[in-house]
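**Q** task: produce atomic coordinates for the following.
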Amino acid sequence: MTKDALAAQLAAALQDVPDGPLGLAVSGGSDSLALMYLAADWSAGTGRALHVVTVDHRLRPEAAAEAAEVARHASALKLSHDTLEWAQAGAAGGNLMDAARRARYHLMSGWAAKRDIATVLLGHTRDDVAETLLMRLARGAGVDGLSAMASAKVVDGVTFHRPLLTVGREALRDALRGQGVAWVDDPSNENPRYERVRMRWALQGLAEQGVSVDQVATSAEALGQARQALNWAVAQFAGEYVSQAAGDLAIDAEPFAALPAELQRRLLSHALSWINGQGYGPRGAELTQFRNSALGGQGATLAGVRMTHRKGAVYLHREYAAVADLRGEPTVPFDTRWHLTGPMTPDLHIAPMGEAGLRGCENWRESLRPAAAVMADPAVWRNDQLISAPLVDPKQGWSGELAPFCRDFAKWVVSR
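**A** Numbers count the residues shown, from 1 in each chain. Now for the predicted structure:
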């Protein structure tokens, strides 16, 4: 594929991206570096501002030098560049790679918000699609897991866009070679300790048997279309049988029980991720047990969301214990999805209502929501004094609303 063909692919992928400056995540590897060179040309031709960011996870000693090399490339292209460091790298436990991935997105979304950037471009390719399918196949994933990675995802209100999912990695490397641009080869890309490396090697073996990266990626795309159809069906159901109340969800129990099992699980998974603000819900045995509790009229808690049954509905709300220790400035979204506005002063902070908030808010029962749900609501405090409970009893000029990307649950589902 020629450089002009790649440029045309990129322009087509970006034609519907909203106006405004764009961010570009670049690690120094071939995929993201090629995207930066292509995007720089696109930026020069369209007049759209482009800002580059690199995340140093502080997991490898070479990472700082690689970030500096990205900065050098960005400077040569007359693009701004920032390096973000993951301060908690040493404290991360469990699945380190997953923790690093989550941290990377949260760091970049915070960076983007400060620069008024609504969209950040990522350099994932068709090879990534095929590798991801094999990784998830090894875990026994279903339709969602085996589907091609989405062309866009939202994290903390920032859209991360993947414009090169139809392009192979080698085509991007050829473009860099043609321009005399060298990229960084991360040593971990040859370490069989990492699952993605093993799957990359497995794809080479499949190619020898006549199964190409392109064929695997095509299957992932077909499964992605199936996922979209299932999400559409869930959204149609939600539009008729799911109601919202200050960020809680009430699912009509009788129609829910009549749904096919896959749609029941999918609806609950989306509900959990919408309420906890994580953007994805649990899978597997935990979700199946949660579904069984919903059908059996039992209460349960999963992924920071509490389920009860009231007035003929499966009622889901944020779990107070999941937000009990959250404290924030009034200008920062609370629990990733609540925006509070009002007369800000330096001595105010946002924290959940808790039992003290219920005691200080005489009218909370008028919201017709359970006490456990109201306790998890954001409230405005001055030290230990409740100033306002915007979701149940607005006063002192304060109001609260969900972030734009999650105001309508049914529309949010169909966008997944």
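
**Q** low-confidence regions, the stretch 251-400 of the chain specifically.
**A** Low-confidence segments of the stretch 251-400 of the chain (pLDDT under 70): 279-281.

**Q** and the strands in it, which stretches?
**A** All strands of the stretch 251-400 of the chain, identified by DSSP state E, counting those that start in this stretch, fall at 300-302, 305-310, 313-318, 338-341, 349-352, 378-382, 385-388, 399-402.

**Q** dump those into CSV; add mean neighbour count and distance to Met97 as well.
**A** Glycine gets a C-beta too; all of them are placed from N, C-alpha and C. Output for the strands of the stretch 251-400 of the chain, formatted as CSV (neighbours: other C-beta atoms under 10 Å; distance: least, C-beta to C-beta, whole Å):
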stretch, mean neighbour count, distance to Met97
strand 300-302, 17, 24
strand 305-310, 19, 26
strand 313-318, 24, 28
strand 338-341, 19, 30
strand 349-352, 20, 31
strand 378-382, 23, 32
strand 385-388, 19, 42
strand 399-402, 18, 31
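
**Q** so which of those is nearest Arg58?
**A** Arg58 sits nearest to strand 349-352 of all the strands of the stretch 251-400 of the chain, at 29.7 Å, using C-beta to C-beta.

**Q** what is the closest one packed up against?
**A** strand 378-382 (3 or more C-beta pairs under 8 Å, 6 or more residues apart in numbering; DSSP states H and E).

**Q** the same query, at a cut-off of 10 Å, please.
**A** Packing partners of strand 349-352 (3 or more C-beta pairs under 10 Å, 6 or more residues apart in numbering; DSSP states H and E): helix 320-323, strand 378-382.

**Q** would you indicate which residues of the shortest one are buried?
**A** Applying a neighbour-count criterion of 16 or more other C-beta atoms under 10 Å, one finds 320, 322-323 buried in helix 320-323.

**Q** nearest to Ala103 among those?
**A** Using C-beta to C-beta, these come closest to Ala103 at Ala322, 18.9 Å.

**Q** distance of the residue lying closest to that closest one once chain neighbours are set aside relative to Ser273?
**A** Distance criterion C-beta to C-beta, 6 or more residues apart in numbering; nearest residue to Ala322, sequence neighbours excluded, is Gly304 at 3.4 Å. With distances taken as C-beta to C-beta, to the nearest Å, Gly304 is found 10 Å from Ser273.

**Q** quick revisit: reformat the helices and strands packed on strand 349-352 as CSV; add distance to Gly145.
**A** Output for the helices and strands packed on strand 349-352, formatted as CSV (distance: least, C-beta to C-beta, whole Å):
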stretch, distance to Gly145
helix 320-323, 25
strand 378-382, 33
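
**Q** compare those and give me the one nearest Ala222.
**A** Across the helices and strands packed on strand 349-352, Ala222 has its closest neighbour in helix 320-323 (36.5 Å, C-beta to C-beta).

**Q** counting by contacts, list what the closest one packs against.
**A** Contact partners of helix 320-323 among helices and strands, from 3+ C-beta pairs under 10 Å, 6+ apart: helix 261-276, strand 305-310, strand 349-352, helix 354-360, helix 371-375.

**Q** and those: which comes nearest Ala8?
**A** Closest among the helices and strands packed on helix 320-323, once you apply C-beta to C-beta, is helix 261-276, at 35.5 Å.

**Q** and the closest one, how far out from the chain middle?
**A** With C-alpha atoms, centre = their mean, to the nearest Å as the basis, helix 261-276 stands 16 Å off its chain's centre.

**Q** could the strands of the stretch 251-400 of the chain go into CSV alongside distance to Arg196?
**A** What follows is the strands of the stretch 251-400 of the chain, written out as CSV (distance: least, C-beta to C-beta, whole Å):
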stretch, distance to Arg196
strand 300-302, 28
strand 305-310, 31
strand 313-318, 34
strand 338-341, 35
strand 349-352, 38
strand 378-382, 38
strand 385-388, 48
strand 399-402, 35
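
**Q** for Gly157, find the nearest of those strands.
**A** For these, the distance to Gly157 is smallest for strand 338-341, at 9.4 Å, taking C-beta to C-beta.

**Q** surely the residue nearest to Ala322 meets Gly277?
**A** Yes - using C-beta atoms under 10 Å, Gly304 is in contact with Gly277, at 8.7 Å.

**Q** any common contacting residues for these two?
**A** Contact with both Gly304 and Gly277 is made by residues 318, 323, 335, according to C-beta atoms under 10 Å, 6 or more residues apart in numbering.

**Q** which of those sits closest to Asn191?
**A** Asp335 (37.0 Å).

**Q** please name the bridge partners of Asp393.
**A** Judged by DSSP bridges, the bridge partners of Asp393 are Ala389.

**Q** please name the residues that touch it.
**A** 357, 360-367, 374, 379, 386.

**Q** okay if I get those residues as a markdown table plus distance to Ala202?
**A** A markdown table is the format used below for the contacts of Asp393 (distance: C-beta to C-beta, whole Å):
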| residue | distance to Ala202 |
| --- | --- |
| Gly357 | 53 |
| Gly360 | 59 |
| Cys361 | 58 |
| Glu362 | 63 |
| Asn363 | 61 |
| Trp364 | 56 |
| Arg365 | 58 |
| Glu366 | 59 |
| Ser367 | 54 |
| Val374 | 51 |
| Ala379 | 52 |
| Leu386 | 57 |
